[in-house]
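> Okay, sequence plus prediction incoming.
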Amino acid sequence: MKYRKYASIAITSGMAIACFALTAAESAAETKSIQYSSYAPESHLINTGGIVPFIELVERDTGGSLDIEFRPGGVLSNARTTLSAVSSGAVDGGFIVGVYTPQELPMNNTLSDLGLSSFDPRVLTGAINEMALLDCETCLEEWEQHNVVPFGAISTTPYLLLCNGEYNTLADLRGKKVRAPSTSVPLAQALSMTPVNIASTEIYEALQRNQVDCSFGSLSHIKNYSLWDVLESVVALPVGSTFGHQMLTFNADVWEGLTPEQKAAMRKHAPHALRGVLEAYTKGDETSKQEVIEKGIAWIEPTQEMLDVVAAQQAEEASRMVEMAESRGIPGAQKEIAVFMQKIDKWTNLVSEEGYSWEDYEDDLAAEIYSRLPQ
């Protein structure tokens with residue numbers, strides 16, 4: 001793997017130049033170069049825990065026949081433009097978050113809106129990949145229409161309530177303003193809170209100026225957006241996850257140009273990349289919780305009344321999403337959502353086995369999904 005390589009070579013001997021040219025030509029013929037884009041900062045867990053290890057392992061196993069140039073930080077494309085960049089071949093592959101292109105990927109986004117279907121990122125990641133890569137024909141057709149091969153989606157850990165005051169009961173939350181993603185608006189309203197549409201980059205200012213009282217967000221938001229000084233409490237009420245972000249995608253023409261051995265290496269190491277991100281998120285949350293407590297920010301366990309509200313919304317979410325999809329003119333949503341919920345049950349059972357480890361999870365991703373992909 002390389003980030004960006006610059007070379008300056010001065011050769012004065014005519015024979016050396018000729019030899020170098022021959023060697024370079026042979027190398028070019030043997031090595032395929034790919035540019036891979038991620039809009040996330042270089043230090044982001046998706047890069048360090050998933051994409052970078054994936055690239056390194058694939059390059060190792062392909063013996064120098066594949067050279068993947070990784071360009072993080074939005075240098076080649078940003079969150080909104082990566083789909084079109086991969087589609088057109090402006091970049092060869094990239095990290096695509098479908099929520100930024102809802103009209104281009106309507107069915108994929110419909111499934112990704114089911115953020116209350118599980119609070120376990122392993123379940124969500126297993127279910128959405130088995131669905132979107134194998135068993136949702138409409139999902140695959142959407143990607144095909146954009147000349148993109150999806151290869152591995154991930155999930156965050158559950159969002160909690162990050163607040164600038166202490167709210168210990170459901171009654172305390174009543175009337176409070178909360179920054180909530182659009183798909184979480186029904187839950188915010190069920191909690192008797194007032195949802196506010198604010199970008200994640202504006203969370204600090206919104207909490208500081210009391211434009212909102214809380215934000216739906218993961219514990220990683222506290223570090224990412226430097227919220228330590230504006231938080232008084234974390235209410236550990238799981239309010240859904242964001243998932244279905246395609247961490248691994250490739251331009252379809254580039255994919256077809258890979259050798260069977262190169263494709264096999266990617267299939268082999270994709271499960272490890274997915275596991276790496278989820279494990280990093282999970283361990284990061286454990287560390288963040290300890291830091292929250294050490295810094296004197298109140299860690300508030302949810303009351304049963306709060307949990308009951310979430311459970312009621314969880315039970316209604318699938319039918320609500322079917323109605324929403326139909327109102328948007330997305331055909332086949334009822335069938336695809338029903339199949340997806342079966343996948344949720346399947347992966348819930350898998351990860352619930354006694355003594356289940358991260359190694360077991362990686363093995364299950366390989367067996368249940370990647371071994372079934374077209375060779």
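Thanks, I have it. Numbering: from 1, shown residues only.
> all strands for the stretch 1-150 of the chain, in order.
Taking DSSP state E, counting those that start in this stretch as the criterion, the stretch 1-150 of the chain contains strands spanning 32-37, 66-71, 93-94, 148-155.
> Can you tell me which helices and strands the longest one packs against?
Using 3 or more Cβ pairs under 8 Å, 6 or more residues apart in numbering; DSSP states H and E as the contact criterion, the elements in contact with strand 148-155 are helix 82-88, helix 121-130, helix 137-145, strand 243-251, helix 252-256, helix 260-294. Yep, even glycine has a C-beta here, placed from its N, CA and C like the rest.
> Then the shortest one?
For strand 93-94, the contact count by 3+ Cβ pairs under 8 Å, 6+ apart identifies strand 32-37, helix 82-88, strand 243-251 as packing neighbours.
> 10 Å instead?
Contacts of strand 93-94 with other secondary structure elements, assessed using 3 or more Cβ pairs under 10 Å, 6 or more residues apart in numbering; DSSP states H and E, are made with strand 32-37, strand 66-71, helix 82-88, strand 148-155, strand 243-251.
> Make a markdown table from these and add mean pLDDT to it.
Compiled in a markdown table, those are given as follows (pLDDT from 0 to 100):
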| stretch | mean pLDDT |
| --- | --- |
| strand 32-37 | 97 |
| strand 66-71 | 97 |
| helix 82-88 | 98 |
| strand 148-155 | 97 |
| strand 243-251 | 96 |
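> who wins for proximity to residue 195 among the ones you listed?
When these are ranked by proximity to residue 195, the top entry is strand 243-251, at 20.2 Å, counting by Cβ to Cβ.
> what about that closest one, distance to the chain center?
Its chain's C-alpha centre and that of strand 243-251 lie 8 Å apart, by Cα atoms, centre = their mean, to the nearest Å.
> CA-only coordinates of it in CSV, if you can.
Output for strand 243-251, consisting of C-alpha atoms alone and laid out as CSV, is shown next (Å, rounded to 0.1, in the frame of the first residue of the first chain):
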residue,chain,number,x,y,z
PHE,A,243,-25.3,1.1,9.3
GLY,A,244,-25.0,0.0,5.7
HIS,A,245,-22.1,2.3,4.9
GLN,A,246,-20.2,0.6,2.1
MET,A,247,-16.6,0.7,3.3
LEU,A,248,-15.4,-1.4,0.4
THR,A,249,-16.6,-0.7,-3.2
PHE,A,250,-15.0,-0.8,-6.6
ASN,A,251,-15.7,0.5,-10.0
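> if we can go back for a sec, in CSV: the helices and strands packed on strand 93-94, plus distance to residue 290 and mean neighbour count.
Formatted as CSV, the entries for those read as follows, by distance: least, Cβ to Cβ, whole Å; neighbours: other Cβ atoms under 10 Å:
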stretch, distance to residue 290, mean neighbour count
strand 32-37, 34, 20
strand 66-71, 31, 20
helix 82-88, 34, 21
strand 148-155, 23, 25
strand 243-251, 25, 25
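> so where's this protein shaky on pLDDT?
Along the chain, the parts satisfying pLDDT under 70 run over 2-29.
> a markdown table for the helices and strands packed on strand 93-94, including distance to residue 131?
Shown next, in a markdown table, are the helices and strands packed on strand 93-94 (distance: least, Cβ to Cβ, whole Å):
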| stretch | distance to residue 131 |
| --- | --- |
| strand 32-37 | 24 |
| strand 66-71 | 27 |
| helix 82-88 | 19 |
| strand 148-155 | 9 |
| strand 243-251 | 9 |
